[in-house]
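1. only the shape, not the letters, is given here:
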């Protein structure tokens, strides 16, 4: 599956798994050198426009996910955004599950990017992604509001059919029973902490809420572990495969854990997870309430148009290249919203190709009207400096749900999309700086949960 909404609107061609450093033996050093050379060769072929050579090296999954011609289109989209390639600055080698990954850092006219090329055991290309360059992330330090002596963390694997997703249950010390929160990530192949740059907002939430006596479960997103195999039929992929089914399974799993009050299991979604939270709750009678952080009310394709317009505006008056990027996003939105879109079609989206099934499914989903029908408590939180989910979305939530007794809305003027404090206009570069989810957000969520009534848990239909 392709990454549908990218935090910095950069190219993503295929999903990669979490990285771990290769052993430093002489044999592995020789292997690493060969992988680095292979990665540099693929990058040179990209630069030279030798796309057929690269496509001939795909493994079966890659060939199915990125058919002939898609790589050229994605590369052209990238160059439109970043300008011409200038130089290669460094190469490193890592492991991604059973795959070797060469990360080639390249300087373009307007950006420094990391091209990551994954190779399977046979040396075939198993994945390519090009993302904004990141230095090796700084060590994560607990936020000052966390009280590590007040809770423990234990591994807990979410099993949903044939999918197994490792996770962590952060449990307050004591006899319980405790209220609990299940965390649901935003778009893309997120890890359980929603790691971006030096920040781990979901780990902040887990440690912060556990310090207030609330258990928290977070887990690896299915797309991060299984890539293109998140669905039995990738051509009919929907958000149920990406997010919804696992979120409901996670709520059920947490409700069965010792010391957890099954009538007080809440769901917290961020970004895409918040957008889908009303739909997740509609299909699960065991959810005691939903917490929505940076929830868009707009359709995703329209949201991306606004994001690209905003990013273009940071550089002053729109130039010809910026206008092209905006027009491309608008054309994609028109295709997604076209009555002619049908099952089996593919949609070009931010330099990737996504199945029409994904968009046809979301076309029938309206988060605000779905949330209006919910009887459970709903908490909607918004950062005032969030450019990915602009204030207009929060204002619409407020206009439609603000008078509902079961709904609480709160705005944090200084916080960005990750609910980290800052000043001035928010930018993608801001995400590279380590930070913590704001303590006020943690405190407000904990207080809201404490005041929320328990729900009678019924068997899910």
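-> That came through, no problem. All values reported here derive from a predicted model rather than from experimental measurement.

2. which parts of the stretch 1-150 of the chain are helices?
-> 26-47, 51-55, 60-65, 70-82 (DSSP state H, counting those that start in this stretch).

3. got the ones you listed as a markdown table, with mean pLDDT columns?
-> Listed next are the helices of the stretch 1-150 of the chain as a markdown table, based on pLDDT from 0 to 100:
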| stretch | mean pLDDT |
| --- | --- |
| helix 26-47 | 83 |
| helix 51-55 | 92 |
| helix 60-65 | 77 |
| helix 70-82 | 81 |
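
4. between these, which one is closest to residue 244.
-> Nearest of the helices of the stretch 1-150 of the chain to residue 244, taken as C-beta to C-beta: helix 60-65 at 21.6 Å. All C-beta spots, glycine's among them, are computed from the backbone N, C-alpha and C.

5. give me the buried stretch members for that closest one, please.
-> 61-62, 65 (16 or more other C-beta atoms under 10 Å).

6. cool, stretch 85-103 as well?
-> Buried residues in stretch 85-103, defined by neighbour count with 16+ other C-beta under 10 Å: 85, 91-96, 99-103.

7. can you list contacts of that stretch?
-> Residues from elsewhere that reach stretch 85-103, judged by C-beta atoms under 8 Å, 6 or more residues apart in numbering: 16-22, 31-32, 35-36, 38-40, 42-43, 47, 79, 104-109, 112, 114-121, 126-127.

8. now it: mean pLDDT?
-> Stretch 85-103 shows a mean pLDDT of 83.

9. what's the answer for stretch 441-452, then?
-> Across stretch 441-452, the per-residue pLDDT values average to 97.

10. quick check: buried residues in it?
-> For stretch 441-452, by 16+ other C-beta under 10 Å, it's 441-442, 444-446, 448-449, 452.

11. same question for stretch 218-235.
-> Counting neighbours by 16+ other C-beta under 10 Å, one finds that the buried residues in stretch 218-235 are 218-228, 230-231, 234.

12. so how far is it off the chain centroid?
-> Taking C-alpha atoms, centre = their mean, to the nearest Å, one finds stretch 218-235 lying 12 Å from the centre of the chain it belongs to.

13. redo the buried residues of stretch 441-452 as JSON lines? Include secondary structure.
-> Listed next are those as JSON lines, based on DSSP: H, G, I helix; E, B strand; the rest coil:
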{"residue": "441", "secondary structure": "helix"}
{"residue": "442", "secondary structure": "helix"}
{"residue": "444", "secondary structure": "helix"}
{"residue": "445", "secondary structure": "helix"}
{"residue": "446", "secondary structure": "helix"}
{"residue": "448", "secondary structure": "helix"}
{"residue": "449", "secondary structure": "helix"}
{"residue": "452", "secondary structure": "coil"}
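
14. residue 296: which of those residues is nearest?
-> residue 441 (18.0 Å).

15. test my guess that the closest one contacts residue 418.
-> No - in this structure residue 441 lies outside contact range of residue 418 using C-beta atoms under 8 Å: 10.3 Å.

16. what about residue 426, which SS state?
-> Under three-state DSSP, the three-state class of residue 426 is coil.

17. near it, how many other residues are there?
-> By the measure other C-beta atoms under 10 Å, the count of residues near residue 426 is 22.

18. need the pLDDT of it.
-> Confidence score, pLDDT, at residue 426: 91.

19. in strands, which of the buried residues of stretch 85-103 fall?
-> 85, 91-96, 99-103 (DSSP state E).

20. before we move on, back to that, any chance of the buried residues of stretch 441-452 in JSON lines, with distance to residue 180 too?
-> JSON lines is the format used below for the buried residues of stretch 441-452 (distance: C-beta to C-beta, whole Å):
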{"residue": "441", "distance to residue 180": "18"}
{"residue": "442", "distance to residue 180": "15"}
{"residue": "444", "distance to residue 180": "18"}
{"residue": "445", "distance to residue 180": "13"}
{"residue": "446", "distance to residue 180": "12"}
{"residue": "448", "distance to residue 180": "14"}
{"residue": "449", "distance to residue 180": "9"}
{"residue": "452", "distance to residue 180": "12"}
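
21. residue 208 contacts residue 444, doesn't it?
-> No - the criterion here is C-beta under 8 Å, and residue 208 misses it with residue 444 at 10.9 Å.

22. tell me the domain ranges of the chain?
-> Using automatic domain parsing, the domain parsing of the chain gives 20-132, 148-294+366-451, 301-357.
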